[in-house]
Structure formats: C-alpha cells, structure tokens
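Chemist: Pasting the sequence and the predicted coordinates here, then a few questions.
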Amino acid sequence: MAEKDVVYDKDALGVDKLKKDAIGLGGILFAALAGAAPIAAMMFNTPFAAQSAGPTVPLVYLTATIGLVLLSVGMVDFARRFSAAGGFYSFISHGLGRTWGFASGWMMMIGYSMFEAALVAAFGVFSANQIAAWGGPELPWWILAAVAISLGWFVSLRGIHFSTNILGFLMIIEVLSLGILSLVIFFKGGVAGHSLAPFNPFKAVGGFGGFGFALTIGVWSWIGFEAAANYAEESRDPRKNVPRALYLSVIMLGVFYIFVTYSATIGYGVANAVDGFGGHPDDAYFVLADQFAKFTKLPMEITILTGSFACGLAFHNAMVRYFYAMGREGILPRIFGRTSKSTQSPHMAIHGQSILTTILLVGFLAAGVSGLDMYYYLAQIGTYGFMGVFVLCNLAVIRYFTMMERESFNIFRHLIAPVVSSAVFVIAIYEFIVTAAPGTAYVWFPYLVLGFFLVGMAFALYIRAKAPDRFEVMGRLVRAAE
C-alpha cells in the first residue's frame, strides 16, 4: 500500500486538543534549555569526557555544536511545514514514511522515559549526599527520587505555562552559578595561562578513538533541546517560534558549554586534564570553586539539585507529548490522547508517564543498581537512541526535499548540512562502540537500542497490515496553518 503524503488538521477532527497559544518563544526556549540540564551536563558529563579526550574537551563540544546546528537546519524546515506535538515522529513520517516515523517516535519515547528516570535518580543521589553534607539525616536516594517523580507529576498537571515558568527560573539560576565560576577562572587564566591546546585535535590523549568516545558524551549534553518541536501545538506562532527556539537553544548551549569546558581545562591545567579534570568525576567543579571562587560553591550545590529536577521535568513534558500524539491517533491506547477540561494538559499521558518512571525506578532498585549507575546507564542508552533518530531525521530531510518538495530544495540546507551532521553522530556512535571497555554493561547498549528500534518497526508493520485506517493517520495530525 502506497503511503500518501497527506496531513490531517487536528482542529477539524474530534480529538482532544492541547491548549493553543499557551506559551511564547521564551516558554519553548526555557523548556528546551532546561531539558539539556546545563549544570548537570557540565558537572557530570565533562569529567567523563576528559578521561578519554584529555584537554580537548572544548573541541569535543565545538564539534557537537556544529553537528547539532546542522541538524537543526533540517528540523527548522520541517517545523515550518508541520506543527505537531510528535516532533521527530511527524518529521520522519513525512520524509521516510509512516513505518520509519513510528519507529523513530517509539525510540524518542523510550529515550525520554529513560532520561526522566535517569534524572530523578540523579536528583535522588545528589539530594541525599547534599542533605547529609549539610548536617541533615542520611536519607535513601530512592525516596528523594520518588519525591521528584511526584513533584514532576504535580507541576505538569498544572499546564505547560506553569511548567515553563518553573523551568525558566531554575534554568537561569543554574547557568548563573556555573557561569560566574567559569568567568573567574577565565580572567585569572587558570593555573598556567590561556592555551590553544584545548582546540588541537592531536592533543586528545586517546587519539581519534578517544575523541569520538567523548563526542558521544558531548552530544548527550544537548539531549532535550530537540523537544522545542514538541510544543508546536501549544505555542504562539509556532512556525516562527519553534525554529527560533531550536536555533537559539543549540547555539546558546554550545557557547556556554565551550566556554565552561575551556575554563575548567585551564583551571586544572592542560597537562593535568586527565588526572585533574577527569580524575574528579563527582566534584570537578567544586574543586575548582574551592581554588578560584569559593563563593560559587554553595549556589552550585543548590542548583545541581534544582537543575536535575528541572531536566527531569522537561523530559517528562516531552515524553508526555509523544504519548499524547500517538494516543489521539489510536496507535497507542486512545486514553493517552485525552486532555484535561480545566488546563488542557494531556493528563492521562502524564499519569501514564509518571507510572512508567516509577516502574523503571523500582526495577533498578530490585536489581541492586546504584542511583548513579542508573543515571549513567539510562542516559547513555537514551543518547544512542537519540543519535540514531537524529541521523534518520537528516535522511528524511534529504528525501523529502529531493523527492516530495523539489521546488524548495537547497543544496546546503537539504544535502550538505544533513550529511555533515549525520557524519558527526555516526562517528560518535562507532567510536563509542569500539572504545567501550570489554566486559562492561556499555558494550551491550547499542544492541539494546537496535532491539528497541526493531520492535517499533515490527509494531508499525503490524498496524499497517491489521489497521490500515490507523496507519494512514500515523504522524499526520498537525496544527492548521494560521
């Protein structure tokens, strides 16, 4: 059966709708930036990257910025044409077909679920450690993780406008605390002055493989920015504000990440990047604060807690909109496509996602996995899945604009940009696979992700054979043109 390139106006169909014009550019931008959790990304990802990339961590983040900006070029062109809560689910459906679109949306759902669970685990661990360090009682990390799940459920039920206000406030204070420390280090010149070595690829201690391994961690630090596309149905002027939010979030995060990692590298010293920077996986920036700006330590201790919660909330909101998009189409149970009469929030999807996160938390607890390992395992699996979807989105851009809308084809936007962007992600995936330590859980993550994707493909093919009417609507419900 040929897959028709059609769309359906959700406003003309009898489906529950999200609240239209609920947020503007600021709300979308805060949701995207908070999803990346800048302070958590810097504090816990960059020391890990320094272990294999050495002093070239800033170059890792520069390379990731380029790959993600080029990815955004195609995403922006799709967002201007298809305003839908499903994001990549809708984009890839139009470019590569409904089967690939569903499998990609399925992977995004799994990824967001894993990231939310990862962040509530991180919140639980950081909160428990910090409460004890401040002289309070020693609480089990999982109790505090459960508190984060409950708070996320409560806030998201209040509606997207309320959520983005919370995200904006928390995101601003976390960026300020780490940004001030980085500025102090930068103007003091670190321990041995400024250097161009952090941008010299030949300085990577693990060679190209070590750099590629770190690149996966670099891309991981942006995961969440792409959720800007998921708020198209709830935003004012989505065909302008969603593209602006996509570009701004990638570029703003890129500038911040490059500056912070450069400052941290010279703060420890280029020659001491592996043992110094990479040797403090849990407290790298707190060590720098003690040396360069002690007044920033307490704000960072507080904002790592608020930042991890904000990130978990942002992933929760993004995941819920995939649940909602597939529920209203009847691909998943239609109950997930219902919205609250008072707030027009997708309340049934919110309940379902909160339960799913709780199940993941209980499962890891039962398996005896620590909270920090839960964070690293789930976030890394999610990152693999996201990068695979990023590559598929780039392929969808190429196919859509060379075969379905040829009159709009632009060689840079619709060929060069997606090819170069995909190369960044493919290199990162390949080098992580070949560099992952034998005998560790990380070796199995790519195969687990592939298995998840194949399950999604199989389910889409089943729907195509058994319910062609539902298959026809897959990824095709969009907000009408203004």
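Modeler: Arrived safely.
Chemist: For the stretch 251-400 of the chain, just list every one of the helices.
Modeler: Assigned by DSSP state H, counting those that start in this stretch, the stretch 251-400 of the chain shows helices spanning 284-292, 297-328, 347-366, 371-399.
Chemist: and those helices as a markdown table, adding mean neighbour count?
Modeler: (Each C-beta comes from the backbone N, C-alpha and C, glycine too.) Shown next, in a markdown table, are the helices of the stretch 251-400 of the chain (neighbours: other CB atoms under 10 Å):
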| stretch | mean neighbour count |
| --- | --- |
| helix 284-292 | 20 |
| helix 297-328 | 26 |
| helix 347-366 | 19 |
| helix 371-399 | 23 |
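Chemist: which regions of the stretch 101-250 of the chain sit below the pLDDT cut-off?
Modeler: Residues of the stretch 101-250 of the chain meeting the criterion pLDDT under 70: 159-168, 170, 230, 232-233.
Chemist: just the helices in it please.
Modeler: Under DSSP H, counting those that start in this stretch, the stretch 101-250 of the chain gives helices at 141-157, 160-188, 207-220, 238-268.
Chemist: doesn't residue 353 make contact with residue 116?
Modeler: Yes: the pair residue 116 / residue 353 is scored as a contact, 7.4 Å apart, by CB atoms under 8 Å.
Chemist: Identify the contacts common to those two.
Modeler: Taking CB atoms under 8 Å, 6 or more residues apart in numbering as the contact rule, residue 116 and residue 353 both touch 316, 319.
Chemist: circling back to that earlier point, and of the helices of the stretch 101-250 of the chain, who's closest to residue 56?
Modeler: With CB to CB as the criterion, residue 56 lies closest to helix 207-220 of the helices of the stretch 101-250 of the chain, at 6.3 Å.
Chemist: other SSEs contacting the closest one?
Modeler: Under the contact criterion of 3 or more CB pairs under 8 Å, 6 or more residues apart in numbering; DSSP states H and E, helix 207-220 touches helix 46-53, helix 57-79, helix 371-399, helix 417-435.
Chemist: For that helix, which outside residues touch it?
Modeler: Among residues not part of helix 207-220, those counted as contacts by CB under 8 Å, 6+ apart are 41, 45-46, 48-50, 52-54, 56-57, 59-61, 63-64, 67-68, 201, 204, 206, 257, 379-380, 383-384, 386-387, 424-425, 427-432, 434-436.
Chemist: give me that answer again for 7 Å
Modeler: 45, 48-49, 52-53, 56-57, 60-61, 63-64, 201, 204, 206, 379, 383, 387, 425, 427-432, 434-435 (CB atoms under 7 Å, 6 or more residues apart in numbering).
Chemist: These, buried ones only, as a PyMOL selection?
Modeler: Command for PyMOL that selects the buried part of the contacts of helix 207-220, burial taken from 16 or more other CB atoms under 10 Å:
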select buried, resi 45+48+49+52+53+56+57+60+61+63+64+204+206+379+383+387+425+427+428+429+431+432+435
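Chemist: So which of the helices and strands packed on helix 207-220 is nearest residue 407?
Modeler: helix 57-79 (13.1 Å).
Chemist: Next, find the distance separating residue 424 from residue 375.
Modeler: 24 Å (CB to CB, to the nearest Å).
Chemist: ditto for residue 293
Modeler: Taken as CB to CB, the span from residue 293 to residue 375 is 27 Å.
Chemist: ok, now residue 239?
Modeler: From residue 239 to residue 375 the distance is 36 Å (CB to CB).
Chemist: Equivalent analysis for residue 115, please.
Modeler: Distance of residue 115 to residue 375, computed by CB to CB: 10 Å.
Chemist: I figured residue 391 hits residue 423, correct?
Modeler: No: if you go by CB atoms under 7 Å, residue 391 and residue 423 don't touch, sitting 9.4 Å apart.
Chemist: how about the helices and strands packed on helix 207-220, which one is nearest residue 283?
Modeler: Of those, nearest to residue 283 by CB to CB is helix 46-53, at 8.9 Å.
Chemist: Tell me which other helices or strands the closest one touches.
Modeler: With contacts taken as 3 or more CB pairs under 7 Å, 6 or more residues apart in numbering; DSSP states H and E, helix 46-53 sits against helix 57-79, helix 207-220.
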